[in-house]
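# Everything below, folded, please.
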Amino acid sequence: MLKKLFIIGVLSANVSFAQQEADSITYRLFKVMENRRENGLKKENQISSFKQMLKMQNVSLEQAFYLNEKLYDEYRKYKVDSSISYLHKNEKIAQQLQNDSLTYRVRIQLAKMYAVKGLYIESKELLDQINNTKLPQGLLYEYYSACHSFNSHYGQSTNNLTYFKKSDLYRDSLLMVLPDRNIEYQLEEAVRNHYNSKDDLAEKKLLELLEKTTDQNPERAWIAYMLGEIYKSEKNVKLQKKFYSISAITDIQNTIKDNASLQSLALTYYEMGDIDKAYLFIQAAIEDAVFCGIRYRTDEGTSFYTIINEAYQEKEYNRKKELKLYLILISFLSLSLLITLIYVFKQVKRLIQVRKELSNSNIKLNELNIKLSKVNHRLHESNHIKEEYIAHFFNLCSAYIDKMEHYRKSFYKKANANQFQELTRMLRSNTFLEKELELLYENFDTIFLNIYPSFVEEFNALLLPEEQILPKKGELLNTELRIFALIRLGITDSNKIAEFLRYSLRTVYNYRTKVRNKAAVARDEFEDYVKKIGFYNKQ
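Below is the predicted model:
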């Protein structure tokens, strides 16, 4: 007893600690959001310091290139248009310096920013102009990163699977040129594992990386976000919310306006039914996306905002409506209280009568329920007997055919040994076996359709109109229908189906796959629908 109490106490403590941790992260996130303006001012001051350096006298082209690149990096996830403008300046400087390596570097950076901005044609044109075989080793990472970014954003914009696949290929190329100890390598490898359904490996690596980083490390935001994605796929809402919140905290503290965490957090709260927080976060996400000038984030946020805003407005409307209703009810109740006290005495007698009638109704209802239960039991028993009968019938017929086959082979050997050629010729024939099989299938079809007369129609209702499966003239069921008739009876093992129908396992598998591909319903749920054929008719 004491041991059980100890275990319960430990579990309760763990749950309490987890809840306190989640509340602490949520509280911290709201405090950080209150300081968004201050973080923005710090960012602007940092940017201003680089701009002042550019205005100094005697700044060389190389120094100007370096300062422009610093400004590009500061603006990259803050204001896309500004980052692009400084890349254009660097493109001119690289041409003045006649430095091919710098020119390639700037164009790769431009291609990546164009993709983020939503200028996909311009991004692709720049990438197509670059021959990666001529790139210095140090630029291969930037090149593959830009290609990965373009295909990922364009695939997301057009919902085109081809570009997502290309994006994965460029991620593989990216990993080939990065040192495996590099944090970007480890992060991209974890992302790849997640997309390849290796969430255990991805989760382990991402948790390790999270421990090694702080809120001052921008990459921590992406690490935490991917952990949120993993737990989202596992439907673990608590951890999903926790790591999206950690990601959002890092994004805000590093003034990263190009973020996915706030949108994801808004949707998480929306799915949890917390419309107020969902509305707060989606507003912040859209503000960031518009400020940064990121097309795909703005498009995503706008689509989510419409849904969340409608729910929020509806909730606000209902709140006001409820408040008005409560005021009216309070007034009405105050007025009617005196009348009710007078009226209640008269209602007591009526209530007694109603209770008597209700009691009688309940007795009758219980009697009807008992009768209905008996009928249902009989119906269930009848169905069970029918199915058992069919199953035994199958086994007997199949055993009979096997036995006849055994006798045929035995007689053949004996006759052959005694040189009875005519008997040998007859016993070599499969005619008898084929007739028995044909009779077995005919009997099966007849009995099955007697029990489930609408099977063919209901089965075809599950298929696309142009993919209907109908028996030929003179047939009750064809091979495909017979396979799924067995599945309707609960025989789902392909081995047993193959044994009964005298087909190979591969043939049965191919038939099942082929028919599932014709389904008008979800392929994975098709056979579940088949198992329910005739159920409602029976009811």
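
# from here on, contacts and neighbour counts on C-alpha atoms
Fine.

# Who are the packing partners of the helix or strand containing residue 139?
Using DSSP states H and E, residue 139 falls within helix 137-158. For helix 137-158, the packing partners by 3 or more C-alpha pairs under 8 Å, 6 or more residues apart in numbering; DSSP states H and E come out as helix 100-117, helix 120-129, helix 161-177.

# Pick out the residue nearest the middle of this protein.
With distances taken as C-alpha atoms, centre = their mean, residue 233 lies nearest the centre of the chain, 6.3 Å away.

# Would you mind measuring from it to residue 239?
Distance of residue 233 to residue 239, computed by C-alpha to C-alpha, to the nearest Å: 11 Å.

# Helices of the stretch 151-300 of the chain, start to end?
Ranges of helices in the stretch 151-300 of the chain, per DSSP state H, counting those that start in this stretch, are 161-177, 183-195, 199-212, 219-233, 237-253, 261-272, 275-292, 295-417.

# Tabulate those in CSV, adding columns for distance to residue 529.
Converted to CSV, the helices of the stretch 151-300 of the chain look like this (distance: least, C-alpha to C-alpha, whole Å):
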stretch, distance to residue 529
helix 161-177, 30
helix 183-195, 31
helix 199-212, 31
helix 219-233, 26
helix 237-253, 30
helix 261-272, 29
helix 275-292, 36
helix 295-417, 18
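
# Least reliable of those helices by average pLDDT, please.
Of all the helices of the stretch 151-300 of the chain, the minimum mean pLDDT falls on helix 295-417 (a mean of 72).

# For residue 68, which non-adjacent residue is spatially closest?
Nearest residue to residue 68, sequence neighbours excluded (C-alpha to C-alpha, 6 or more residues apart in numbering): residue 86, at 5.5 Å.

# Do I have it right that that neighbour meets residue 71?
Yes: using C-alpha atoms under 8 Å, residue 86 is in contact with residue 71, at 6.9 Å.

# ok so, going back, so how far is the helix holding residue 139 off the chain centroid?
What separates the centre of helix 137-158 from the centre of its chain is 25 Å, taken as C-alpha atoms, centre = their mean, to the nearest Å.

# Need the residues that contact that helix.
105, 108-109, 111-112, 115-116, 118, 120, 123-124, 127, 132, 160-164, 166-171, 173-174, 177-178, 296 (C-alpha atoms under 8 Å, 6 or more residues apart in numbering).

# and the angle from it to helix 120-129?
150 degrees (axes from the mean of the first three to the mean of the last three C-alpha atoms, to 10 degrees).

# okay, the angle between helix 137-158 and helix 100-117?
Using the same axes, to 10 degrees: helix 137-158 against helix 100-117 is 20 degrees.

# For helix 137-158, list the C-alpha coordinates in PDB.
Only the C-alpha atoms of helix 137-158 are listed here, as PDB (Å, rounded to 0.1, in the frame of the first residue of the first chain):
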ATOM      1  CA  GLN A 137      34.800  24.800 -52.300                       C
ATOM      2  CA  GLY A 138      33.800  27.500 -49.800                       C
ATOM      3  CA  LEU A 139      30.800  28.600 -51.800                       C
ATOM      4  CA  LEU A 140      29.300  25.200 -52.400                       C
ATOM      5  CA  TYR A 141      27.500  25.300 -49.100                       C
ATOM      6  CA  GLU A 142      26.000  28.700 -49.900                       C
ATOM      7  CA  TYR A 143      25.000  27.400 -53.400                       C
ATOM      8  CA  TYR A 144      23.300  24.200 -52.200                       C
ATOM      9  CA  SER A 145      21.600  26.200 -49.400                       C
ATOM     10  CA  ALA A 146      20.200  28.700 -52.000                       C
ATOM     11  CA  CYS A 147      19.000  25.800 -54.300                       C
ATOM     12  CA  HIS A 148      17.400  24.100 -51.300                       C
ATOM     13  CA  SER A 149      15.700  27.300 -50.200                       C
ATOM     14  CA  PHE A 150      14.400  28.100 -53.700                       C
ATOM     15  CA  ASN A 151      12.900  24.600 -54.200                       C
ATOM     16  CA  SER A 152      11.500  24.500 -50.700                       C
ATOM     17  CA  HIS A 153       9.800  27.900 -51.000                       C
ATOM     18  CA  TYR A 154       8.600  27.400 -54.500                       C
ATOM     19  CA  GLY A 155       7.300  23.900 -53.800                       C
ATOM     20  CA  GLN A 156       5.400  25.300 -50.800                       C
ATOM     21  CA  SER A 157       4.000  28.200 -52.800                       C
ATOM     22  CA  THR A 158       2.800  25.900 -55.700                       C
END
